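> here is a sequence together with a model predicted from it:
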Protein chains: 2
Amino acid sequence: MYDLPRRFTYGVIESYAAARGGQSVADDALLKYPGNQHSAEWYLFTDLKRPSGERVDSAVIRVMDPEEADLFYVPFFSSLSLVVNPIRPATVNASLDRPVYNDEQTQEALMELLEEQVYWKRNNGWDHVFICQDPNALYKVIDRVKNGVLLVSDFGRLGRDQASLVKDVILPYSHRINTYKGDIGIENRKSLLFFMGNRYRKEGGKIRDLLFQVLENEKGVIIKHGAQSRESRRAASQGMHTSKFCLHPAGDTPSACRLFDAIVSLCVPVIVSDYIELPFEDVIDYRKIAIFVDSNTAVRHGKLVKLLRGVSSERILEIQKELKKVKRYFEYEDPNGTVKEIWQQVSSKLPLIKLMSNRDKRIVMRDLRESDCSCLCSNQSGIHTIL
Amino acid sequence: MYDLPRRFTYGVIESYAAARGGQSVADDALLKYPGNQHSAEWYLFTDLKRPSGERVDSAVIRVMDPEEADLFYVPFFSSLSLVVNPIRPATVNASLDRPVYNDEQTQEALMELLEEQVYWKRNNGWDHVFICQDPNALYKVIDRVKNGVLLVSDFGRLGRDQASLVKDVILPYSHRINTYKGDIGIENRKSLLFFMGNRYRKEGGKIRDLLFQVLENEKGVIIKHGAQSRESRRAASQGMHTSKFCLHPAGDTPSACRLFDAIVSLCVPVIVSDYIELPFEDVIDYRKIAIFVDSNTAVRHGKLVKLLRGVSSERILEIQKELKKVKRYFEYEDPNGTVKEIWQQVSSKLPLIKLMSNRDKRIVMRDLRESDCSCLCSNQSGIHTIL
């Protein structure tokens, strides 16, 4: 892990707090990363800072001599950096004399620093690991970091030559509502289907309005328009803990925090997001823990509720049982949870990373009609639903 | 490993022998796979048949219950199957009453058998491993096996949607000339550059004739047109063991046996094959054991010999030292050699295989403008030579 200047890690938290009128603290250890769905960058950073004696179970070992390193983690808090400046300007008081934080400048400064490093130049960046969990994180410099292993939420904003299932790792969002502590069961889950969130989104998220139209008058369905707030999270917790199914429609990009909220709620996720990629799909068979429905089918009048009403109680219990089994993969604070699995996934990329960095350095001029890509292609035409 | 009907393994050897007038043998254990550059299929098959107690060091364990298997090896001798019928027809005696072997029919029969298997259908073939070392092996059914891990020599005859560095494994050819037993050194290597082989090849191999033109009158260069025979192999052994550099031009496809002959001869390979992919490139940095020169540079009059004459004795000795270090990767009979590394490479594909087979089964209908591929792209424009 790079020992980056403070401005790229704790400094981002500090700027975030300052922009909201927070007081500065005397010691970095007192800085608290704000609760949000993109906090993987915080968990990975603090994990690697733990004493090696506490990290014996990890797939990656932190070394202090870069000569010994296979991979180089760049712990810039790129997602938090995006939202340092609040959408609504801070009070006059808070912003007085404070220099305004600039995310783009910070991205640029990071790259200027990295591109000077001998270990960056040595392998054209192939062996560097970046976290950019927010789909917009690092957008300004993405073409300069694209050789690296990117830890992302989805590929919604990334081109095929920038990111892929082969090179990169899909992370789960940190769930934002409380884990359901009870056992499996449907007695206390009276609602059929629950969704709470923004009705109007861009691009793939336009499906949300259509889903509202076909679902809002259905019996047993709770579907509400609402924005993020402590209050709405409380209502969502309540709803997800008392429903059999939880809807996960695409947002501006195919992924969203809601899927992981549903999983930890033991509320069977109903995924209506045709382009979604899922975390840890090599170890998790999502057909066992979620229902997939393609968008065209889902927006047909009455179709979705009919499908869900047709799912037997036994099947729901079976899925809940599977959800319980894999839940740990979505708990960032579980010692046997998300962080451990992310490093496992990163380490499994190592053979391909070494291959590409060795190959890059000996490849001679070619007369290529298309770019030099190695691909893994699916030839499935896709299903309507797994039901 | 599938326990395939005999016709796909020993039967192919038997047909090969019969087509050359050989006698049938009473016991399969007496059947000898003919010496050729594509004998990996024989080594892998016999390795997996060894008692598990002898295979403790291997990255793969053979299980007898398919339910326990992560991967399914299909041991069809696809490369030998291609050449069962000699180019020149056998003597009348030998062919009397013998049914003529048909490679295409054998490929079809294999697929009919496989496509009936529950383990084939279960994961769309993603977890099946095929060997097709000859660039033409399995050509008739390649689109039906393309999801699988293909063990190949190069991608010369394969499309981007059929094979790639990501999914497949590049194998070395079995070297055909003797391993050099002596130590590193250049005293007994009086010739600068050696090549013996077919001057006229198709496609990328057309460069050979151009190389002959610029090299055949150069001092210290031995370049001879010749076809495969025991006699020419003896001459090539002699030449490679007494030259500093050994030329490896592209053949009909970018790879050729000669590279591996050069390596085990401690003769520094000079690779003039712009599209070559190399075995085990994650563990071997080929810049340390070979000289790469792009085709345009190599065919410029006097350029190649000038470059090679400029390489210091120290550098040659250094490369020879590295060649000695990695030689074992190219020795199929070394217990710590090629076979072991092939299984290592295959096993490193497992996370991606599991991901793709899980993903395939839940993917819903998408409105894709291009095929559903995950790629790893190099953005290097390439060098002229590493010298």
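Okay, I see it.

> ok, which stretches of the stretch 1-150 of chain A are helices?
Taking DSSP state H, counting those that start in this stretch to define them, one finds helices in the stretch 1-150 of chain A at A:10-18, A:40-49, A:78-82, A:92-95, A:103-114, A:118-122, A:142-145.

> contact residues of the stretch 151-300 of chain A facing chain B?
Residues of the stretch 151-300 of chain A lying near chain B by C-beta under 8 Å from any C-beta of the partner chain: A:160-161, A:164-167, A:274-275, A:278, A:281-287, A:290, A:292-296. C-beta coordinates here come from the backbone N, C-alpha and C atoms, glycine included.

> so where do the strands sit in chain A?
Taking DSSP state E, the strands of chain A run over residues A:72-74, A:128-131, A:149-152, A:169-170, A:191-197, A:221-225, A:243-249, A:268-272, A:291-292, A:372-378.

> JSON lines for those strands, including mean neighbour count and mean pLDDT?
Converted to JSON lines, the strands of chain A look like this (neighbours: other C-beta atoms under 10 Å in any protein chain shown; pLDDT from 0 to 100):
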{"stretch": "strand A:72-74", "mean neighbour count": "22", "mean pLDDT": "98"}
{"stretch": "strand A:128-131", "mean neighbour count": "25", "mean pLDDT": "98"}
{"stretch": "strand A:149-152", "mean neighbour count": "25", "mean pLDDT": "98"}
{"stretch": "strand A:169-170", "mean neighbour count": "22", "mean pLDDT": "98"}
{"stretch": "strand A:191-197", "mean neighbour count": "22", "mean pLDDT": "96"}
{"stretch": "strand A:221-225", "mean neighbour count": "18", "mean pLDDT": "95"}
{"stretch": "strand A:243-249", "mean neighbour count": "27", "mean pLDDT": "97"}
{"stretch": "strand A:268-272", "mean neighbour count": "26", "mean pLDDT": "97"}
{"stretch": "strand A:291-292", "mean neighbour count": "25", "mean pLDDT": "98"}
{"stretch": "strand A:372-378", "mean neighbour count": "22", "mean pLDDT": "89"}
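
> quick one, which of those strands gets closest to B:Pro351.
Closest to B:Pro351 of the strands of chain A is strand A:169-170 (C-beta to C-beta; 10.5 Å).

> picking that back up, possible to save the strands of chain A as JSON lines with distance to A:Gln117?
What follows is these, written out as JSON lines (distance: least, C-beta to C-beta, whole Å):
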{"stretch": "strand A:72-74", "distance to A:Gln117": "8"}
{"stretch": "strand A:128-131", "distance to A:Gln117": "9"}
{"stretch": "strand A:149-152", "distance to A:Gln117": "17"}
{"stretch": "strand A:169-170", "distance to A:Gln117": "22"}
{"stretch": "strand A:191-197", "distance to A:Gln117": "41"}
{"stretch": "strand A:221-225", "distance to A:Gln117": "47"}
{"stretch": "strand A:243-249", "distance to A:Gln117": "40"}
{"stretch": "strand A:268-272", "distance to A:Gln117": "41"}
{"stretch": "strand A:291-292", "distance to A:Gln117": "43"}
{"stretch": "strand A:372-378", "distance to A:Gln117": "25"}
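
> where does chain A dip in pLDDT?
Per-residue confidence for chain A (pLDDT under 70) gives these ranges: A:89-98.

> okay, now the domains of chain A?
Domains of chain A are assigned by automatic domain parsing as A:6-170, A:191-330.

> circling back to that earlier point, and the helices of the stretch 1-150 of chain A, which is most packed in?
Stretch with highest mean neighbour count among the helices of the stretch 1-150 of chain A: helix A:78-82 (a mean of 25; mean count of other C-beta atoms under 10 Å in any protein chain shown).

> contact partners of that helix?
With contacts defined as C-beta atoms under 8 Å, 6 or more residues apart in numbering or on different chains, helix A:78-82 is touched by A:12-13, A:16, A:33-34, A:36, A:38, A:41, A:101, A:103, A:106-107, A:130-134, A:136-138.
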